[in-house]
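Participant: Provide a 3D model corresponding to the input given below.
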Amino acid sequence: MGNTVLATLAAEFADIDDVEQWTRMVVRLGLAVILGAAIGYERERHDKAAGLRTHMLVALGSALFVFVAERIALSGEGMSRVIQGVIAGIGFLGAGTVIKLRDQGDVRGLTTAAGIWATSAIGIAAGLGLEVIAIACTGLVLLILAVVLRLETSVHRAAQDD
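Facilitator: As a prediction, the model looks like this:
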């Protein structure tokens, strides 16, 4: 009986059965977490609602969904449905960060929602093994968040000076 239990347990944990698969999993999921952390850290520094942990989890979850779908050899159509599901789910998460302030007629949280959406796309790219694309897009997101913030700040200052 003991051997049967051990054999069953061994079979249950045999989904990653060689070093190549293990390395691929660690690299893809680990990269997703690191890239999500880079974006999340930037948002955290600016005291935004969705920060470090949120972006890390979004990237990891997105990468995991497509990594598992790839591991079970879903067809192109099946993978497309998985990606569509991730995108729809992230849309709901992002919508929760958007707030309309009635008094000022102002909408807040759109950049946070867009950042979560982009982080999910980066996680999907990492999960599919498109590491260079994921890294490049993370750089672009960070560039947009930093440069455009400075540009917006200078435009607001110029408008106030007029």
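
Participant: so what's the closest residue to Thr54 other than its chain neighbours up against?
Facilitator: In space, and not counting its chain neighbours, Thr54 is closest to Gly40: 6.3 Å by C-beta to C-beta, 6 or more residues apart in numbering. (Each C-beta comes from the backbone N, C-alpha and C, glycine too.) Contacts for Gly40 (C-beta atoms under 8 Å, 6 or more residues apart in numbering) come out as Ala50, Gly51, Leu52, Arg53, Thr54, His55, Met56, Thr119.

Participant: now, which of those sits nearest Val33?
Facilitator: Using C-beta to C-beta, Met56 comes nearest to Val33 of those, at 5.3 Å.

Participant: ramachandran angles for that closest one?
Facilitator: phi -60, psi -50 (degrees, to the nearest 10).

Participant: give me the element the nearest residue to it once chain neighbours are set aside is part of.
Facilitator: Nearest residue to Met56, sequence neighbours excluded (C-beta to C-beta, 6+ apart): Gly36, at 4.3 Å. Per DSSP states H and E, Gly36 falls inside helix 19-45.

Participant: quick one on the thing from earlier: for Leu9, see how far away the residue nearest to Met56 is.
Facilitator: Gly36 sits 32 Å away from Leu9 when distances are taken as C-beta to C-beta, to the nearest Å.

Participant: looking at the two now, which is surrounded by more residues?
Facilitator: A count of neighbours by other C-beta atoms under 10 Å puts Gly36 above the other of Gly36 and Leu9, at 29 against 10.

Participant: quick check, Asp17 in a helix?
Facilitator: No: secondary structure of Asp17 (DSSP: H, G, I helix; E, B strand; the rest coil): coil, not part of a helix.

Participant: tell me the confidence at it?
Facilitator: On pLDDT, Asp17 comes in at 78.

Participant: does Ala14 count as helix, strand or coil?
Facilitator: Per three-state DSSP, Ala14 ends up coil.

Participant: residue ranges with poor pLDDT in the chain?
Facilitator: Scanning the chain for pLDDT under 70 picks out 1, 100-105, 107, 158-159, 162.
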